[in-house]
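Asks: Below are the sequence and a predicted model; questions follow.
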Amino acid sequence: MFSIFTKQKSFPVRTIEQLKNSVEILFIDNEEFNLTKELKEKDGWKRIKCVTDIKSLSQPELKDAHILCVDIQGVGKELGLVDEGLGLIAAIHDNYPEKKIIMYSAEAQGPVDAFHPAEGYVDERLKKSANRYQFETALKRLAQEAFCLDNCAIHLQRVFQRELGVELTKEEIKNGILKLYSKGKSDNQSICKVFNIDRAGSVASIISLLISL
């Protein structure tokens, strides 16, 4: 419990315009994807980068990205993944569980394997033929879920319940995050103590990402 003389820091309110200027987005597609230019120039997502594949899981563009948009066909080959983009998504999730992932595909290239583990790791699924508005809406939602306190708390409610079997209110989660933010801590031990849980699971990576921007 905080001393009465300890002033709790307020969490910054991040507008969508601030997020568009700060959130790092990486498209992984072996073909040129015209929507990336429009999302950057017309919708204002200033930090969009594109690569044709991932050569290393420590690749700077991958490490720096907050949101990943992955075409599930034609990528993952540089890492020798036979299941291409699905395998790449699984590998990224294993190494960077905090990153938001949009999976997209062209239906003409075949159906997605509904039983592949990657299906459970993605935050959004879109057709490659989806329009700019649909991609823009998905980017907004995931950016706010990652970096806006209210949106992140709602997301964490589901994570606490699904992964840890713990029921917490949105306000309880927000208060816990503010305590951690005021102390400048987001390590597993501090998170477990604040929320009175035995293990943090992916809660730790989600809170670390929220505080990092």
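Replies: Perfect, thanks for sending it. Since the model is a prediction, treat every value here as computed from it, not as a measurement. Numbers count the residues shown, from 1 in each chain.

Asks: In this protein, where's the longest helix?
Replies: helix 132-147 (DSSP state H).

Asks: who's in contact with it?
Replies: The contact list for helix 132-147 (C-beta atoms under 8 Å, 6 or more residues apart in numbering) reads 14, 16, 19-20, 22-23, 25, 35, 38-39, 42-43, 45, 66-67, 69, 100, 102, 123-124, 126, 151-152, 154-155, 206, 209-210, 213. Where you see a C-beta, it was placed from the backbone N, CA and C, and this is true even at glycine.

Asks: what's the next secondary structure element after it?
Replies: Next helix or strand after helix 132-147 toward the C-terminus (DSSP states H and E): helix 149-159.

Asks: picking that back up, now restrict the contacts of helix 132-147 to buried residues only.
Replies: Among the contacts of helix 132-147, those classed as buried by neighbour count (16 or more other C-beta atoms under 10 Å) are 14, 19-20, 23, 25, 35, 39, 43, 45, 66-67, 69, 100, 102, 123-124, 126, 151-152, 155, 206, 209-210, 213.

Asks: how about Lys193, phi and psi?
Replies: phi -70, psi -50 (degrees, to the nearest 10).

Asks: Against Tyr104, how distant is it?
Replies: 40 Å (C-beta to C-beta, to the nearest Å).

Asks: mind listing the helices for this structure?
Replies: Using DSSP H, the helices of the chain run over 16-22, 35-41, 60-64, 84-95, 132-147, 149-159, 170-183, 188-195, 203-212.

Asks: closest one to Glu119 among these?
Replies: helix 84-95 (7.9 Å; C-beta to C-beta).

Asks: so what pLDDT did the nearest residue to Val122 once chain neighbours are set aside get?
Replies: Spatial nearest neighbour of Val122, excluding adjacent residues (C-beta to C-beta, 6 or more residues apart in numbering): Met103 at 4.3 Å. pLDDT recorded at Met103 is 94.

Asks: just Glu61 next, same as before
Replies: 97.

Asks: And for the one 4 residues further on?
Replies: If you check Ala65, the pLDDT there is 97.

Asks: Count the residues that sit near Lys9.
Replies: 12 (other C-beta atoms under 10 Å).

Asks: you'd agree it is up against Lys185?
Replies: No - using C-beta atoms under 8 Å, Lys9 is not in contact with Lys185, being 12.0 Å away.

Asks: returning to what we had before: any idea what the residue nearest to Val122 is bridged to?
Replies: Val70, Arg125 (DSSP bridges).

Asks: How is the protein divided into domains?
Replies: 16-146, 149-212 (automatic domain parsing).

Asks: And the shortest one, how far out from the chain middle?
Replies: Right, domain 149-212. Distance of domain 149-212 from the chain centroid (C-alpha atoms, centre = their mean, to the nearest Å) equals 15 Å.
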